[in-house]
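# how would this look folded up:
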Amino acid sequence: MDKIAAISYNYLIVPSLYIIATPIGNLEDVSLRALRLLREVKLIAAEDTRTTRHLLNAYNIKTSVTSYHEHNKQAKLNYLLSRLEEEDVALVSEAGTPGLSDPGYELIVAAIDRGIPIIPVPGASAVVTALVVSGLPTDQFLYLGFLPRRHGQRQRFLSSIVNEPRTIVAFEAPHRLKETLGDIQEILGERRIAICRELTKVHEEVFRGKVSQAREHFTEPRGEFTLVIAGKTEEGAEITEEAERKLWEFCHQGIGAKEATSRVSKLSGLSKRKLYQAWLNFKKGG
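Below is the predicted model of the structure:
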């Protein structure tokens, strides 16, 4: 059982805070363990009670729900801690895993300070979901949460990561997407980007391409967006065997240098200058 496996407080079973991941869209993406615990705890602290009740109603779960969000987190914190002295409480966010870019972080830290056991119940995450479908490198990545809302602050923030080599993941609101893409192109340059909209929902969309193409595509953004941006590619990076093979294929297909290097650059993240030099070498070699 979860408590027995996780708690060693003098071998006593004590009240715990369960950090329960919930679906980011499709209600089927909830674990059996999450459903069981949502039934068993005495109280659910929810970032958005409407969204949470929609999930609970779908699975006929009758557990009491209380709101815990950005605007009431200070007022509700002591109340939730007092409940945790006597009984189990589950923390859920509006969607996905609690504690990432939501007020759950403060409750988790306060519970840790009081010696309350914290038990994670993993599940859906928009960050990881977007990353793995992006087509960009996944071995290392930098998660930024929501980008700054104000234009100047956002530009300064992007300037601070302009040399970041790892793949970058960030959230953005639909009404700021167009301006943000403009800032990304201006500060970070013309990079590969994947924009994931409404993940796991009916209108799910994953756009892959260059930043300029994304700006042309999303003329009237709607829904929830996760951005996955290529890290900075070193100009001196060596051409990979896969990139060479692609260039060789395009060369023998009669595709022009500009089109071929553009295609391979989009696929590999390598600089067009470096790829063009490799193209010239192929031509010289016959």
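
# Every contact and neighbour count from this point should use C-alpha atoms.
Fine.

# can you give me the strands in the stretch 1-150 of the chain?
17-20, 43-46, 64-67, 89-92, 118-121, 141-146 (DSSP state E, counting those that start in this stretch).

# all helices for the stretch 51-200 of the chain, in order.
73-84, 104-113, 126-134, 151-160, 177-188 (DSSP state H, counting those that start in this stretch).

# related to what we said a few turns ago, format the strands of the stretch 1-150 of the chain as CSV; extra columns: mean neighbour count and mean pLDDT.
Shown next, in CSV, are the strands of the stretch 1-150 of the chain (neighbours: other Cα atoms under 10 Å; pLDDT from 0 to 100):
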stretch, mean neighbour count, mean pLDDT
strand 17-20, 25, 98
strand 43-46, 23, 97
strand 64-67, 16, 97
strand 89-92, 26, 98
strand 118-121, 18, 97
strand 141-146, 16, 96
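
# Relative to H203, which of these is closest?
strand 141-146 (21.7 Å; Cα to Cα).

# Tell me the strands beside that closest one, with direction?
Strands that pair with strand 141-146, judged by DSSP bridges, come out as strand 167-172 (parallel).

# do you know how far the residue nearest to the spatial centre of the chain is from F146?
In the chain, the C-alpha nearest the mean C-alpha coordinate belongs to V127, at 1.7 Å (Cα atoms, centre = their mean). As judged by Cα to Cα, to the nearest Å, V127 and F146 stand 11 Å apart.

# Now the common contact residues for those two.
A170 (Cα atoms under 8 Å, 6 or more residues apart in numbering).

# what's across from the spatially closest residue to T66 that is not a sequence neighbour in the sheet?
Nearest non-adjacent residue to T66, counting by Cα to Cα, 6 or more residues apart in numbering: A45, 5.1 Å away. Following DSSP bridges, A45 is listed with bridge partners T66, L91.

# Now do the contacts for A45.
Counting by Cα under 8 Å, 6+ apart, the residues that A45 touches are 65-68, 80, 89-92.

# Surely E198 touches F207?
No. Under the criterion of Cα atoms under 8 Å, E198 makes no contact with F207, lying 11.6 Å away.

# where does the protein have low pLDDT?
The chain contains residues with pLDDT under 70 at 1-12, 234-240, 266-270, 282, 284-286.

# okay, now L35: neighbour count?
For L35, the count of nearby residues is 17 (other Cα atoms under 10 Å).

# All set now, cheers.
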